[in-house]
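# here is the input, now give the coordinates:
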Amino acid sequence: MPEEVTLVPRPRVLVCREIFQEAYETIEAEADAEMWTEYLPMSRSVLLEKIKGVDGVLSMVTERVDAELMDSAGSQLRVISQFGVGFDNIDVAEATSREIAVGNTPDVLTQTTADAAFALLMAAARRIVEGARAVREGKWETWHPLHYLGQDVHGSTLGIMGMGRIGGAMARRARGFDMDVLYTDIARRKDMEAELSLRYVDQDTLLRESDFVSLHTVLGDATYHLIGERELSMMKPTAVLINASRGPVVDPMALYQALSAGEIAAAALDVTEPEPILMTTRF
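Modelled structure (predicted):
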């Protein structure tokens with residue numbers, strides 16, 4: 001008699017947002033996959049329903065992966081894979097206690113994020129968005145020697161809060177503009193200091209001396225509203241704040257008040273709290 005063949009069921013995977021087709025096909029080759037293709041993320045109730053019975057989930061920053069979600073998935077859930085570098089939306093301790101592996105994609109967006117952060121710095125310094133808005137609104141009547149002057153980037157001081165991969169990439173870009181670079185981090189990075197001519201300072205010194213303050217920290221209890229009323233009041237009135245980390249690193253009401261009162265010159269934000277940013281008031 002022929003040997004009895006036991007068929008092992010293919011794992012089930014939920015992909016929480018639309019990804020590149022080539023990547024999805026790679027998942028489909030190994031698992032029975034379902035991908036959410038709507039523009040907006042799933043509502044919480046839909047997510048809790050769709051995750052039932054899956055063995056793996058490809059999550060985004062838009063999903064809160066907590067004990068409730070893991071309970072809804074079931075005990076067979078073995079992998080939570082984050083589409084991105086940051087994973088503050090995932091309860092890693094809870095996943096670890098359930099022996100669920102958690103992965104992310106470090107370093108894939110280091111240079112891209114640094115490009116975007118430096119572009120924000122340049123746009124705010126040189127008032128690019130304001131000038132473009134004036135042109136589109138038909139307000140460009142003639143050249144004027146005092147209009148949209150902005151401030152120089154070359155030779156200025158850049159303060160980087162968080163000297164990880166992206167912070168280091170930001171510092172490398174600053175070298176091309178002969179900027180003095182100060183930084184804070186949970187640990188001193190002497191290797192990078194020598195390579196990039198960095199100066200390690202405390203947070204208050206960085207805020208007081210920097211013309212541009214660029215945020216590249218992780219989001220956690222210690223960095224929630226890291227930049228608030230006190231910190232903004234210490235910055236130069238000509239300073240620009242750039243946030244390329246996570247929205248809640250900055251207290252949004254404190255930032256609004258500082259901008260309204262002219263305590264700082266501008267803010268260039270890749271991320272906000274909440275997202276999307278509330279548009280009831282236009283800065």
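
# all contacts plus neighbour counts: C-alpha atoms, from now on.
OK.

# grab the nearest non-local neighbour of residue 173.
residue 118 (7.6 Å; C-alpha to C-alpha, 6 or more residues apart in numbering).

# distance of that neighbour from residue 59?
According to C-alpha to C-alpha, to the nearest Å, residue 118 stands 28 Å off from residue 59.

# with residue 70 instead?
Residue 70 sits at a distance of 12 Å from residue 59 (criterion: C-alpha to C-alpha).

# what's the answer for residue 99, then?
Per C-alpha to C-alpha, residue 99 is found 18 Å from residue 59.

# just residue 35 next, same as before
11 Å.

# what's the overlap in contacts for these two?
The contact sets of residue 35 and residue 59 overlap at 15, 16, 17 (C-alpha atoms under 8 Å, 6 or more residues apart in numbering).

# so which of these are in strands?
Within the shared contacts of residue 35 and residue 59, residues falling in strands by DSSP state E are residue 15.

# export the shared contacts of residue 35 and residue 59 as TSV, with columns for neighbour count.
Listed next are those as TSV, based on neighbours: other C-alpha atoms under 10 Å:
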residue	neighbour count
15	21
16	24
17	20
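
# so which of the shared contacts of residue 35 and residue 59 is the closest to residue 55?
Of all those, residue 55 sits closest to residue 15, with 11.5 Å by C-alpha to C-alpha.

# got a list of what the closest one touches?
Residue 15 neighbours (C-alpha under 8 Å, 6+ apart): 33, 34, 35, 36, 57, 58, 59.

# give me the element the residue nearest the centre of the chain is part of.
With distances taken as C-alpha atoms, centre = their mean, residue 245 lies nearest the centre of the chain, 3.8 Å away. Per DSSP states H and E, residue 245 falls between elements, in no helix or strand.

# and the gap between it and residue 150?
Residue 245 sits 25 Å away from residue 150, going by C-alpha to C-alpha.

# just give the nearest non-adjacent residue to residue 198, would you?
Sequence neighbours aside, residue 181 is the residue nearest to residue 198 in space, at 5.3 Å (criterion: C-alpha to C-alpha, 6+ apart).
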